[in-house]
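In: with the input below, show me the fold.
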Amino acid sequence: FPSCQPLLSFKKRLHNSLSSHGIQYNEDSAAVTMEEYKTEEKEEEKEKDNDKAKRMNKLESKLMKNLRELSLRYNMIEPDDHIMVCISGGKDSATLLHLLLKLQSKLKPAGVDFKLTAIHLNQVQPGYNNTSLITWLDTLDVPYQIVTEDTYTIVKEKTPEGKAYCSLCSRLRRGILYTIASDIQATKIALGHHGDDAIETLLLNMVHSGQMKAMPARYYSESREMNVIRPLLQCVEEDIREFASLMEFPILPCNLCGSQPEAHRGRMKLLCDVFDTFNPNARKNMISAMGDIRASHMLDENLREACGLDGLTGRVVDSERAALIGEYGVEGDEVNGAANGKKSSETQESIPKSFIEKML
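Out: Numbers count the residues shown, from 1 in each chain. Sure thing, here's the model as predicted:
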C-alpha cells in the first residue's frame, strides 16, 4: 500500500529506489553514500555561513562609513560625551546602538572616550513583550533602562478617527525622552532616523505644507537645552533592514504605526520605490541633494540673500558667503569675478552640469 511506504526503513527505501534504476544495493556503499551526503551538507552549511558573514561585514562597513562621515561633518561625537541612544525596538535603533558601540571601542584607544546609555520606552501597547529585547541588551556592554509610560492610551484617545497616530505619538515620546536625558545627565540624544525617513519627511512637507523641510542631522533644543543627533541619516533603509535581519536583532512590533499602512508616510515610501525605477541610486542621490542646495535656482529670495546672492537676480553679491556653499549664481558666474560681471571660462568648464543640462 502506498500509505505504508513512509514506514519502510531508510535502507529498504534506498534499496527500492536503486533497484528501480537497475542499480544493485550494497549496505557498505549505502553507508558511504550517506557519509558523503552528510559531508556535502556540512560544507554547504559552512559556505552559507561564510557568505552570510561576508555580507554582514560588507554591510556593517558601509553603514559605519556613512555614520562616521556624518558624525565628523556635524561633530556629533565629542570627548566625554554621554549619549543617550533611544531604542524603540525596531531595526533602525538596534543598528544604531550596535554601530555606536563598535565606534566607541575603536575611538577609545585614540583618546576619544564617550559614554553610551540605551533607553527603551515601554508605551504599554497591547501584547507588548520586551523579553527578547532585554535578553539582547544583556549581551551588550552598555547600561540600559526600560522606562514605562502609557502613551498608547493617550494617542488612541486623542487622535481623531482617520488621522495618523505618528505626530502625537512622537511628540509625547520626545517629551519623555528629553526628561530622561536630563535625569541621567546625557549631553546628547541619538535617534535612529535614516535617509529614507528624511526623504519621506521632505516629500510630505512639500506636498502638504508647501515647504522644503526635511530632518536635520543635528539640532539643539533651546527649551530643553539638549543636542539631538541622527547618525544614520546618510544610510538607506534597505541596507539597515538587511543588516538587522542578518544580525537577528530583536524586533518589537508597533501597534500604532503598524496599524496604519495607508498613512501618508507609507504612501511616500511607495513613491520612493517609483523613483528607484528611474534610477537605482535615487534614494542615495536624494539624500545627497538635501546637503547640496543651490539657492540661485530656488524661489526663496530670503534664502538667496542669506547665501550671498541678490534676492531678485540670483547674482553673487557677497563672494565669501556664496563660496561657502559653492554658489556661482544663476549663470554659473565665477565667485571671484562676479562683482565685476566677469566670467571665467576655466571655472565654467569645471562646474558640473546638472542632470537636465546633460539631457539637453
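
In: give the buried residues for stretch 88-105.
Out: 88-101, 103-104 (16 or more other CB atoms under 10 Å). Every C-beta, even on glycine, is put in place using the N, C-alpha and C of the backbone.

In: can you count the residues close to residue 49?
Out: Using other CB atoms under 10 Å, the number of residues around residue 49 comes to 10.

In: pLDDT score assigned to it?
Out: Residue-level confidence at residue 49 comes out at 81, pLDDT.

In: so that it lines up with my notes, have the first residue be 2 from now on.
Out: Okay, residue one is now 2; in that scheme the one you just asked about reads as residue 50.

In: quick check: it is in a strand.
Out: No - under the criterion used here (DSSP: H, G, I helix; E, B strand; the rest coil), residue 50 is helix, not part of a strand.

In: residue 178: neighbour count?
Out: The number of residues packed around residue 178, counting by other CB under 10 Å, is 21.

In: same check on residue 202?
Out: For residue 202, the count of nearby residues is 17 (other CB under 10 Å).

In: wouldn't it be in contact with residue 215 here?
Out: Yes - with the criterion set as CB atoms under 8 Å, residue 202 and residue 215 qualify as a contacting pair; they are 5.1 Å apart.

In: how far away is residue 94 from residue 198?
Out: As for residue 94, its distance to residue 198 is 12 Å (criterion: CB to CB, to the nearest Å).

In: picking up where we left off before, can you tell me which of the buried residues of stretch 89-106 is nearest residue 238?
Out: When those are compared for distance to residue 238 (CB to CB), residue 93 comes out closest, at 7.8 Å.

In: thinking again about what came up before, just the buried residues of stretch 89-106: which are in helices?
Out: Within those, membership in helices is found for 92-102, 104-105, as judged by DSSP state H.

In: contacts only, for residue 77.
Out: The neighbourhood of residue 77, defined by CB atoms under 8 Å, 6 or more residues apart in numbering, consists of 71, 189, 218, 219, 230, 232.

In: burial measure for residue 42, as a count.
Out: Residues near residue 42, counting by other CB under 10 Å, number 10.

In: what helix or strand is it on?
Out: Using DSSP states H and E, residue 42 maps to helix 28-74.

In: cool, and residue 288?
Out: Applying DSSP H and E as the criterion places residue 288 in helix 283-290.

In: what does residue 270 give?
Out: Residue 270 is located in helix 265-279, with elements delineated by DSSP H and E.

In: please save the CA atoms from that helix in PDB.
Out: Backbone C-alpha positions of helix 265-279 (Å, rounded to 0.1, in the frame of the first residue of the first chain) are rendered in PDB as follows:
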ATOM      1  CA  HIS A 265       0.800  59.400   4.300                       C
ATOM      2  CA  ARG A 266       4.300  58.300   5.200                       C
ATOM      3  CA  GLY A 267       3.500  54.800   3.900                       C
ATOM      4  CA  ARG A 268       2.500  56.300   0.600                       C
ATOM      5  CA  MET A 269       5.700  58.300   0.400                       C
ATOM      6  CA  LYS A 270       7.600  55.000   0.700                       C
ATOM      7  CA  LEU A 271       5.700  53.800  -2.300                       C
ATOM      8  CA  LEU A 272       6.600  57.000  -4.200                       C
ATOM      9  CA  CYS A 273      10.300  56.400  -3.300                       C
ATOM     10  CA  ASP A 274      10.000  52.900  -4.800                       C
ATOM     11  CA  VAL A 275       8.800  54.500  -8.000                       C
ATOM     12  CA  PHE A 276      11.900  56.800  -8.000                       C
ATOM     13  CA  ASP A 277      14.000  53.700  -7.800                       C
ATOM     14  CA  THR A 278      12.600  52.500 -11.200                       C
ATOM     15  CA  PHE A 279      14.100  55.700 -12.700                       C
END
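
In: what's the average pLDDT for that helix?
Out: In this model, helix 265-279 carries a mean pLDDT of 92.

In: which residues sit in contact with residue 239?
Out: residue 284.

In: could you pull out the strands in the stretch 152-301 of the chain for me?
Out: Using DSSP state E, counting those that start in this stretch, the strands of the stretch 152-301 of the chain run over residues 189-191, 219-222, 227-230.

In: now, of the ones you listed, which is deepest in the fold?
Out: Compared across those, strand 189-191 shows the largest average neighbour count, a mean of 23 (mean count of other CB atoms under 10 Å).

In: which strands and helices sit next to that strand?
Out: Using 3 or more CB pairs under 8 Å, 6 or more residues apart in numbering; DSSP states H and E, the elements in contact with strand 189-191 are strand 83-88, helix 167-184, strand 227-230.

In: can you put these in CSV and add distance to residue 287?
Out: Output for the helices and strands packed on strand 189-191, formatted as CSV (distance: least, CB to CB, whole Å):
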stretch, distance to residue 287
strand 83-88, 25
helix 167-184, 21
strand 227-230, 21
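
In: select, out of the ones you listed, the one closest to residue 272.
Out: helix 167-184 (17.0 Å).

In: pull the residues that contact the closest one.
Out: Counting contacts by CB under 8 Å, 6+ apart, the residues outside helix 167-184 that touch it are 85, 87, 120, 122, 124, 146, 148, 150, 152, 155-156, 159-160, 190, 222, 225, 227, 257-258, 264, 266.

In: drop anything exposed from those.
Out: In terms of neighbour count (16+ other CB under 10 Å), the buried residues within these are 85, 87, 120, 122, 124, 150, 152, 156, 160, 190, 225, 227, 257-258, 266.
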